[in-house]
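Student: I'd like to go over a predicted model; first the sequence, then the structure.
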Amino acid sequence: MRIRTYAICLYIIMIYWISSHIPYMHSLFFPTLGAFSLLFISRPFEKAEVSKIAFGAVISSLVGSVFVYWNPGVLSLLLTLLIVLYLINKFKWNAPPILAVSLIPFFTQPSLLWVIPLSVCGSLLGLLLTLSAAAYVEKRFGSVSLLPKRAAKTESDSAM
């Protein structure tokens, strides 16, 4: 688990750096990327289930983007919430960050419809590739810690 944790931290730092230094890549970094990272390492998921959750996030960001593009008002927010909650329940996407991803277009309001869904797709694909590589390294080499463990020096209270 430690290798996956380090890999996710490095991945999020890399995505943040890319999004802050390359103007057209600004939307790659979003707060729920950390929530997806924690979700994916905290529970044992099958690859099919993780892929389904990532697909659900892309679909929900597309729904939010379409409604913001149509009209960035309260009615489109309500429709986005209702549709995404329906999709989460129908397809059993047991991942609360999916709803949060659908709201990204409402506070960023991109000029192009496809920017947020493509950014979410790219970020989550990178996350899944990072986790797959980290899982392979863990399987191959075992769980390696960057910080060495110290041996605890204990003394007995008995007189033997």
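Tutor: Received it, and whenever you're ready, just let me know what you need. Residues are numbered from 1 along each chain as shown.

Student: Neighbours of L113, how many?
Tutor: For L113, the count of nearby residues is 15 (other C-beta atoms under 10 Å). For glycine as for every other residue, the C-beta is placed from the backbone atoms N, C-alpha and C.

Student: Give me the helices and strands touching the stretch of helix or strand L78 belongs to, please.
Tutor: For L78, the host element (DSSP states H and E) is helix 74-91. On a contact count with 3 or more C-beta pairs under 8 Å, 6 or more residues apart in numbering; DSSP states H and E, helix 74-91 meets helix 47-70, helix 97-102.

Student: Which pLDDT does the model give G142?
Tutor: G142 is assigned a predicted lDDT (pLDDT) of 75.

Student: okay, how far is it across stretch 106-116, tip to tip?
Tutor: 11 Å (C-alpha to C-alpha, to the nearest Å).

Student: what's the answer for stretch 91-103, then?
Tutor: Stretch 91-103 end-to-end distance (C-alpha to C-alpha) = 19 Å.

Student: Equivalent analysis for stretch 108-122, please.
Tutor: 17 Å.

Student: circling back to that earlier point, so can I have a markdown table of the helices and strands packed on helix 74-91 showing mean pLDDT?
Tutor: Output for the helices and strands packed on helix 74-91, formatted as a markdown table (pLDDT from 0 to 100):
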| stretch | mean pLDDT |
| --- | --- |
| helix 47-70 | 93 |
| helix 97-102 | 94 |
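
Student: quick one, the longest helix seen in the chain and helix 47-70 angle?
Tutor: Ranked by number of residues, the top helix in the chain under DSSP state H is helix 115-141. Direction vectors for helix 115-141 and helix 47-70, defined by axes from the mean of the first three to the mean of the last three C-alpha atoms, to 10 degrees, enclose an angle of 160 degrees.

Student: Return the list of helices and strands in contact with helix 115-141.
Tutor: helix 2-21, helix 32-42, helix 47-70, helix 104-108.

Student: by contact count, what packs against the first one?
Tutor: The contact analysis (3+ C-beta pairs under 8 Å, 6+ apart) places helix 2-21 against helix 32-42, helix 115-141.
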